[in-house]
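*Asks:* Any chance you can model this:
(one chain, ligands or ions: 3)
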Amino acid sequence: MGDLNHKTKLGQPALYRILDANLDRAREGIRTIEEWFRFGLDNSEMAAECKNLRQQLAQWHSNELRMSRDTTTDVGTQLSHPSEENRESLEQVIQVNFCRVEEALRVLEEYGKVYHPNMGAAVKQMRYRVYTLESNLLAYGRHQTLQRANLYLVTSPSERLMSVVEAALQGGLKVVQYRDKDTDDHQRWKNARQLCQLCHRYNALFLVNDRVDIAIAVNADGVHLGQQDLPIAVAKQLLGPQKIVGKSTTNPEEMKLAIAEGADYIGVGPVYATPTKPDKQAAGLEYVRHATRHASVPWFAIGGINMNNFDDVLMAGATRVAVVRSLMQAEQPTLVTQYFLSQFTRVQTLRDRQIVPENTPADFS
Ligand SMILES: Cc1ncc(COP(=O)(O)OP(=O)(O)O)c(N)n1
Ligand SMILES: Cc1ncsc1CCOP(=O)(O)O
Ligand SMILES: [Mg+2]
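*Replies:* Residues are numbered from 1 along each chain as shown. Ligands and ions are numbered 1, 2, ... in the order given. Purely as a prediction, here's the structure:
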């Protein structure tokens, strides 16, 4: 190992150049991320956190460090990987910049310990704040996707499981729940892992029915719990606060309780009697109307919904619907998905034109 006071050709300590370069790298990366929070997400809180981090880093960027800069003799300025020239999406830009910031902060933390007795600990704190920012961004993205989703596919065991889900994703589906009461755990885990990867390729949410352990094992976006499953608080404790927990409700009392317990969304149904859930009585359109007026979290009408009765469910006020058979048994799941999604758009346009408040069942007949 070289001498810590090792001087560069121009007589500047190498340590200063390392700190200077990485302070720049971290600040530039944070600035890139900050612009997305500010202009892309309109999220002033996350943008302010970035600004604060940049300002804290600036305090460490002293003149003596800046003076050590000499890009003409920096052998690293020519080193670039072809992948640095291409970015496929905004998500990738943000992801790459988080990596860049985290790496730079790690370097600052290690070398900073030699430069100043407080620098290592101060930068470590900042590094953890960046990790928190990154996971908050992920959680924010998840909840945005949930908010915007109209259609939710709950799967049933099928030889065509992957191809049906992929076809629906191609049609624009954004939420999938893996529901499988028949298979052994090893196969469940394999299916869940594969579905999770598939959904994430299409920027769709992937949730697991009933099983918090499998959701954790495959890093799913969350779980869907029934009345007999783990309490929401326990599931959140196990999954972490960034994940989504949904809950089934069949009547107004269950709805009130699920919302009070912190459900991120609720299932509302069965709207119609359904062979997929033969022991459950239909809650009917009346319960959909109740949800329209009272649910304060995103809710999905579910149970026996198909292309024929879909309009009635929408007219009762539903803006989100979950289905099993309508997609799992469809010959052309992409087309069926597109049909459902186009109907949501049609009804929303009618609502907008007639200025019908969002939480009032509509009558457009
Ligand atoms: C979106 C959604 N809503 C309701 C259910 C039903 O859940 P549950 O009552 O726990 O019954 P099972 O699905 O576990 O048989 C759901 N799965 N998804
Ligand atoms: C899982 C579930 N929970 C309430 S109804 C239902 C099944 C809905 O299935 P389908 O869409 O085939 O009627
Ligand atoms: Mg359940």
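*Asks:* To what extent is the closest residue to ligand 3 within the stretch 201-350 of the chain buried, counted in neighbours?
*Replies:* Nearest residue of the stretch 201-350 of the chain to ligand 3 (C-beta to the ion) works out as residue 226 at 3.0 Å. Bear in mind the C-beta positions are built from the backbone N, C-alpha and C, glycine included. The number of residues packed near residue 226 is 14, by other C-beta atoms under 10 Å.
*Asks:* any idea how far it is from residue 250?
*Replies:* Computed as C-beta to C-beta, to the nearest Å, the residue 226 to residue 250 distance reads 10 Å.
*Asks:* how would you label residue 274: helix, strand or coil?
*Replies:* Here residue 274 is coil, with the state taken from DSSP: H, G, I helix; E, B strand; the rest coil.
*Asks:* Run through the chain and note the low-pLDDT ranges.
*Replies:* 1-12, 71-88, 355-360, 362-365 (pLDDT under 70).
*Asks:* Spell out which parts of it neighbour ligand 1.
*Replies:* Counting by C-beta under 6 Å from any ligand atom, the residues of the chain lying close to ligand 1 are 152, 154, 177, 179, 209-210, 224, 226, 246, 248, 267, 277, 300, 302, 322.
*Asks:* What helices and strands are in contact with the longest helix anywhere in the chain?
*Replies:* Longest helix in the chain, counting residues (DSSP state H): helix 119-148. Helices and strands touching helix 119-148, by 3 or more C-beta pairs under 8 Å, 6 or more residues apart in numbering; DSSP states H and E, are helix 44-60, helix 90-115, strand 205-209, strand 244-249.
*Asks:* same thing but 10 Å
*Replies:* helix 14-35, helix 44-60, helix 90-115, strand 175-178, strand 205-209, strand 244-249, strand 265-268 (3 or more C-beta pairs under 10 Å, 6 or more residues apart in numbering; DSSP states H and E).
*Asks:* continuing past that helix, what's the next helix or strand?
*Replies:* Under the assignment DSSP states H and E, the closest C-terminal helix or strand after helix 119-148 is strand 151-154.
*Asks:* Quick one: distance of that next one to the chain centre.
*Replies:* Offset of strand 151-154 from its chain centre (C-alpha atoms, centre = their mean, to the nearest Å): 16 Å.
*Asks:* Neighbouring strands - and their directions - for it?
*Replies:* Strand 151-154 pairs in its sheet with strand 175-178 (parallel), strand 321-323 (parallel), by DSSP bridges.
*Asks:* Can you list the buried residues in the first one?
*Replies:* Of all the residues in strand 175-178, those buried under the rule 16 or more other C-beta atoms under 10 Å are 175, 176, 177, 178.
*Asks:* check whether it contacts ligand 2.
*Replies:* No: using C-beta under 6 Å from any ligand atom, strand 175-178 never reaches ligand 2; the gap is at least 8.5 Å.
*Asks:* any residues in contact with both of residue 226 and residue 250?
*Replies:* Residues touching both residue 226 and residue 250 by C-beta atoms under 10 Å, 6 or more residues apart in numbering: residue 267.
*Asks:* So residue 194 versus ligand 2, what's the distance?
*Replies:* Residue 194 sits 21 Å away from ligand 2, going by C-beta to the nearest ligand atom, to the nearest Å.
*Asks:* Who are the contact partners of that residue?
*Replies:* Contacts for residue 194 were tallied using C-beta under 10 Å, 6+ apart; they are 161, 162, 165, 178, 218.
*Asks:* I'd guessed the last one sits against residue 195; true?
*Replies:* Yes: judged on C-beta atoms under 10 Å, residue 218 makes contact with residue 195 at a distance of 8.2 Å.
*Asks:* So between the two, which is more surrounded?
*Replies:* Neighbours were counted for residue 218 and for residue 195 using other C-beta under 10 Å; residue 195 has more, 24 against 20.
*Asks:* and that one, what is it in contact with?
*Replies:* When contacts are counted by C-beta under 10 Å, 6+ apart, residue 195 touches 155, 161-162, 165-166, 176-178, 204, 206-208, 218, 220.
*Asks:* That one falls within a helix, correct?
*Replies:* Yes: per three-state DSSP, residue 195 lies within a helix segment.
*Asks:* Quote the end-to-end distance of stretch 172-189.
*Replies:* Terminal residues of stretch 172-189 are spaced 25 Å apart (C-alpha to C-alpha, to the nearest Å).
*Asks:* ok, back up a step: could I get the helices and strands packed on helix 119-148 in a markdown table, plus columns for distance to residue 361?
*Replies:* Shown next, in a markdown table, are these (distance: least, C-beta to C-beta, whole Å):
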| stretch | distance to residue 361 |
| --- | --- |
| helix 14-35 | 42 |
| helix 44-60 | 35 |
| helix 90-115 | 37 |
| strand 175-178 | 23 |
| strand 205-209 | 27 |
| strand 244-249 | 18 |
| strand 265-268 | 13 |
